[in-house]
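Engineer: Build me a model from this:
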Amino acid sequence: MNQSAHSIEKRTVNKTMKRILPFIFILYIVAYLDRVNLGYAALQMNADLALSSEVFGLLSGIFFIGYFLFEVPSNMLLHRVGARLWIARIMISWGLIVIVTGFVQTATQLYILRFLLGVAEAGFFPGIILYLTYWFRAREIGRATAALLLALPIGGLIGAPVSTWILDHISWSGMAGWRWMFILEGIPAVILGVVVIFYLANRPAHAKWLSKEEKDWLEGELNAERKASEQINKASKLEMLKDVKVWKLSLIYFTSYTGTYGLSFWLPSIIKSLSEQATTNLEIGWLAMIPSIIGVPSLLFVGWNSDRTNSYKQHLMVCFLIAMTGFIGCGFSEGVFMMVLMLTIASAGLYGCNGCFFAYMTFFFTESTAPVGIALVNSLAALGGFVGPMIFGTVSFTQGMFILSGLLAIGLIIQFTLKLASNRSKDIINNVPPNVNQS
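Structural biologist: Purely as a prediction, here's the structure:
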């Protein structure tokens, strides 16, 4: 690569990362908070509305049923109408539903709104992953997805103290703190949804902040990768749906998803059940931050190092082993100190999985199959968001931890059977046609 081409590459990649990644990172923080703040609301809401653990488990999980049903069509619409308008629509609609949740009076109303929240948000995360493929080459996609997914632990760091502070300190107009938590945390989604319309560009060709030379270079690089990918992967949606690798990817992510959201919704309640010292919701929130603190470096390191070494599968398997170890340790923990320590180990593994899974997954799709493929994998895995909370709602916390470790063991076994030769991803990164004899 000559000096001029290298200069264009460095300048374009830096501009694109600085323009896109911080903004979508903020969007995903808001999405994560509005998805899991039900777990903090439970510290007051369950008593106010007389919700049993079984009912709360179903309330936590029913979001993902709506999410599952509408995710694939949502991603197809995003690809057709453009990310800018569709992401704005998603954010405004889910923000309004979260605000309305602050006024519910019965469990039935909560069921309806949580299901509708899943419908409204369906397509947001896979849509963002798809959007990243419009802007970043295979060699940058790991870092880009890791930067996006950093919103998960950061969302936990922000959400834990903020949500519990609202619970303990805000009761304006005689309304309980959990109601104000939904109202106040739903407003940012509506505001940012409007900002999306003016800030995001659908494709590099539409980016006013790139010069013509930079647009041409980036489009050329991305088109070359797409042609290389089409020679490796299934070119049609029907062929892709018949590919067992897609279903294996879904099962792998399902096992990780189940652990992630089982913890996300029940973490405050788990800590409260073991802690004799935590006398306020805010103190529980501080303890709930600890797993997220460790999740930040885990996610960043795995995303960076898997990109650097081009060894996504190996990193994914190690992260599964770490998460399994943490959940098994949780099953044997009796005090709050050991439980938080083991939860932190489990979280390090789960967040690390997110750091490389989506970069690894993109090697299995072409531009034409990516909208359906990414959404299909994510929507099937999202059923884990239903299963995880239900596990803790129907069995003891100890039994639930062992069940989650067993599911991760299944995910690990499936990874052994998933074949994507490392040189295939190198071929895509380097725009090299594949050897037809590769398995």
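Engineer: Show me the shaky parts of the stretch 151-300 of the chain.
Structural biologist: 229-238, 240, 276-279 (pLDDT under 70).
Engineer: which SSE is the closest residue to Phe416 other than its chain neighbours in?
Structural biologist: In space, Phe416 comes closest to Met317 once its chain neighbours are excluded; the distance is 8.0 Å by C-beta to C-beta, 6 or more residues apart in numbering. (C-beta placed from N, C-alpha, C; glycine too.) Secondary structure from DSSP states H and E places Met317 in helix 312-331.
Engineer: how distant is that helix from the center of its chain?
Structural biologist: Relative to the centre of its chain, helix 312-331 is centred 18 Å away, using C-alpha atoms, centre = their mean, to the nearest Å.
Engineer: Check stretch 206-217 too.
Structural biologist: For stretch 206-217, the distance to the chain centre is 29 Å (C-alpha atoms, centre = their mean).
Engineer: got it, and stretch 181-196?
Structural biologist: Using C-alpha atoms, centre = their mean, the offset of stretch 181-196 from its chain centre is 19 Å.
Engineer: Buried ones in it, by neighbour count?
Structural biologist: Within stretch 181-196, the residues scored as buried using 16 or more other C-beta atoms under 10 Å are Met181, Phe182, Ile183, Leu184, Glu185, Gly186, Pro188, Ala189, Val190, Leu192, Gly193, Val196.
Engineer: could you redo these as a markdown table and give each row distance to Ser379?
Structural biologist: Formatted as a markdown table, these follow (distance: C-beta to C-beta, whole Å):
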| residue | distance to Ser379 |
| --- | --- |
| Met181 | 28 |
| Phe182 | 25 |
| Ile183 | 29 |
| Leu184 | 30 |
| Glu185 | 25 |
| Gly186 | 24 |
| Pro188 | 25 |
| Ala189 | 21 |
| Val190 | 25 |
| Leu192 | 24 |
| Gly193 | 22 |
| Val196 | 22 |
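Engineer: Mind checking which of those residues are in helices?
Structural biologist: Counting by DSSP state H, the buried residues of stretch 181-196 place Met181, Phe182, Ile183, Leu184, Glu185, Gly186, Pro188, Ala189, Val190, Leu192, Gly193, Val196 in helices.
Engineer: Which of those sits closest to Leu59?
Structural biologist: Closest approach between those and Leu59, by C-beta to C-beta: Phe182, at 13.0 Å.
Engineer: right, and Val119 touches Ile65 too?
Structural biologist: No - using C-beta atoms under 8 Å, Val119 is not in contact with Ile65, being 9.1 Å away.
Engineer: So which residues of the stretch 51-200 of the chain form helices?
Structural biologist: 53-81, 83-101, 107-121, 124-133, 138-149, 151-169, 177-199 (DSSP state H, counting those that start in this stretch).
Engineer: and Ala205, helix, strand or coil?
Structural biologist: helix (DSSP: H, G, I helix; E, B strand; the rest coil).
Engineer: now do the one 3 residues further on
Structural biologist: Here Lys208 is recorded as coil under three-state DSSP.
Engineer: Got phi/psi on it?
Structural biologist: Dihedral pair for Lys208: phi -70, psi -20, per degrees, to the nearest 10.
Engineer: number of nearby residues for the closest residue to it other than its chain neighbours?
Structural biologist: Closest residue to Lys208 apart from its sequence neighbours, by C-beta to C-beta, 6+ apart: Ala201 at 7.2 Å. Number of residues near Ala201 (other C-beta atoms under 10 Å) recorded here: 18.
Engineer: that older thread, was I right about the residue nearest to Phe416 contacting Gln415?
Structural biologist: Yes - counting by C-beta under 8 Å, Gln415 is a contact partner of Met317 at 5.4 Å.
Engineer: give me phi/psi at the residue nearest to Lys208?
Structural biologist: According to degrees, to the nearest 10, Ala201 has phi -110, psi 140.
Engineer: Please shift the residue numbers so they start at 14 in all later answers.
Structural biologist: Done: numbering now begins at 14, and the last item shifts to Ala214.
Engineer: Relative to Arg97, how far out is it?
Structural biologist: 7 Å (C-beta to C-beta, to the nearest Å).
Engineer: Could you measure from the residue nearest to Phe429 over to Lys432?
Structural biologist: Met330 is 14 Å from Lys432, by C-beta to C-beta.
Engineer: Please say which of the two ends up with more neighbours.
Structural biologist: More crowded of Met330 and Lys432, by other C-beta under 10 Å: Met330, with 17 against 12.
Engineer: list the contacts for that one?
Structural biologist: Leu425, Gln428, Phe429 (C-beta atoms under 8 Å, 6 or more residues apart in numbering).
Engineer: for those, which one is nearest Ile37?
Structural biologist: Gln428 (27.7 Å).
Engineer: Quick check: buried residues in stretch 98-117?
Structural biologist: So, applying 16+ other C-beta under 10 Å, buried residues of stretch 98-117: 99-115, 117.
Engineer: pLDDT of that stretch, averaged?
Structural biologist: What stretch 98-117 shows for mean pLDDT is 96.
Engineer: thinking in terms of the whole chain, how far from its middle is that stretch?
Structural biologist: That offset, for stretch 98-117, works out to 18 Å (C-alpha atoms, centre = their mean).
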